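Asker: could you work out the structure for the sequence below:
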Amino acid sequence: MFDQPFVRDSFIQQIDPRMRVLLAVLLAVALALLRQMTACCLGLGLGCVLLGLAQAPLGPLWRRLVAINMFILFLWLVTPWTTPGAVVWQWHFIQVSREGVYLSLLVTLKSNAIACVFLALVASLPAATLGHALERLGCPDKLVFLFLFTGRYIHLLAGEWQDLMMAARLRGFRPRTNLHTYRTVSSLLGLLLVRSHDRAQRTHEAMRLRGFSGRFHSLDSFCLRPVDVHFALATVCCLACILWFEAGGIIL
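Answerer: Here you go, the predicted model:
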């Protein structure tokens, strides 16, 4: 299965998975539309609180946030001096605008806030539970089917690829930037696709022999409890406060 370091015993695990998915989507949409710096900072604070409730491990959390901010770094390298506006710093022909810096900081805060929300509410769900929660929320059956099988078999494909690369190295293959390497890697990828197709056929036949009808049935029963309602109300109240700041309650 997927490596899921955020799935651990915490308060968030007591919340109904369907409620967590709905709240994550609601918060992500609301945070993505923010334009005020104060509201974005509060959104990031809410994401950090949710991470605390989920007892997120610091190591995996740090690695994921670093990966996200490495992508945002390219935005900082381009946006401040390509966005027109009031110049705050200039070196020869390079001009850094206040609007560009503001936009970059805004995107950074919102991206990290949304990432924290999803890591706390969604990444803390086991893959199978998340799939069944999506099904109960009315997501297309084919999409849920694809998600569940991806979570189940992608590690097998990774193992197949590692075996193929190990076999190639035992035969003297050393990856370089030449035509031989490109041909070898493309051949290995083709062989991986063939093996994946064969495994998919065998899995499909085995499931049909066991009476598979196209739907997965979960042994877990989802039901709303008072703690779910209280958590949802508290989260929505926090979001309402953030939107109040966004509407002009206090502007930084």
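Asker: from S10, how far out is F173?
Answerer: Plainly put, F173 is 45 Å away from S10 if you go by C-beta to C-beta, to the nearest Å. Any C-beta I mention is one placed from the backbone N, CA and C, and that applies to glycine too.
Asker: now do Q95
Answerer: Q95 sits 48 Å away from S10, going by C-beta to C-beta.
Asker: quick one: low-confidence parts of this protein?
Answerer: For the chain, the stretches flagged by pLDDT under 70 are 1-2, 218-220, 249-252.
Asker: all helices of it, in order?
Answerer: 17-32, 37-54, 58-82, 98-121, 127-136, 141-170, 179-209, 226-246 (DSSP state H).
Asker: in JSON lines, list those helices along with distance to H217 and mean neighbour count.
Answerer: Shown next, in JSON lines, are the helices of the chain (distance: least, C-beta to C-beta, whole Å; neighbours: other C-beta atoms under 10 Å):
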{"stretch": "helix 17-32", "distance to H217": "16", "mean neighbour count": "19"}
{"stretch": "helix 37-54", "distance to H217": "28", "mean neighbour count": "20"}
{"stretch": "helix 58-82", "distance to H217": "31", "mean neighbour count": "13"}
{"stretch": "helix 98-121", "distance to H217": "25", "mean neighbour count": "20"}
{"stretch": "helix 127-136", "distance to H217": "9", "mean neighbour count": "20"}
{"stretch": "helix 141-170", "distance to H217": "12", "mean neighbour count": "14"}
{"stretch": "helix 179-209", "distance to H217": "13", "mean neighbour count": "12"}
{"stretch": "helix 226-246", "distance to H217": "23", "mean neighbour count": "15"}
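Asker: in JSON lines, list these along with distance to Q90.
Answerer: Converted to JSON lines, the helices of the chain look like this (distance: least, C-beta to C-beta, whole Å):
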{"stretch": "helix 17-32", "distance to Q90": "32"}
{"stretch": "helix 37-54", "distance to Q90": "24"}
{"stretch": "helix 58-82", "distance to Q90": "9"}
{"stretch": "helix 98-121", "distance to Q90": "12"}
{"stretch": "helix 127-136", "distance to Q90": "49"}
{"stretch": "helix 141-170", "distance to Q90": "49"}
{"stretch": "helix 179-209", "distance to Q90": "45"}
{"stretch": "helix 226-246", "distance to Q90": "32"}
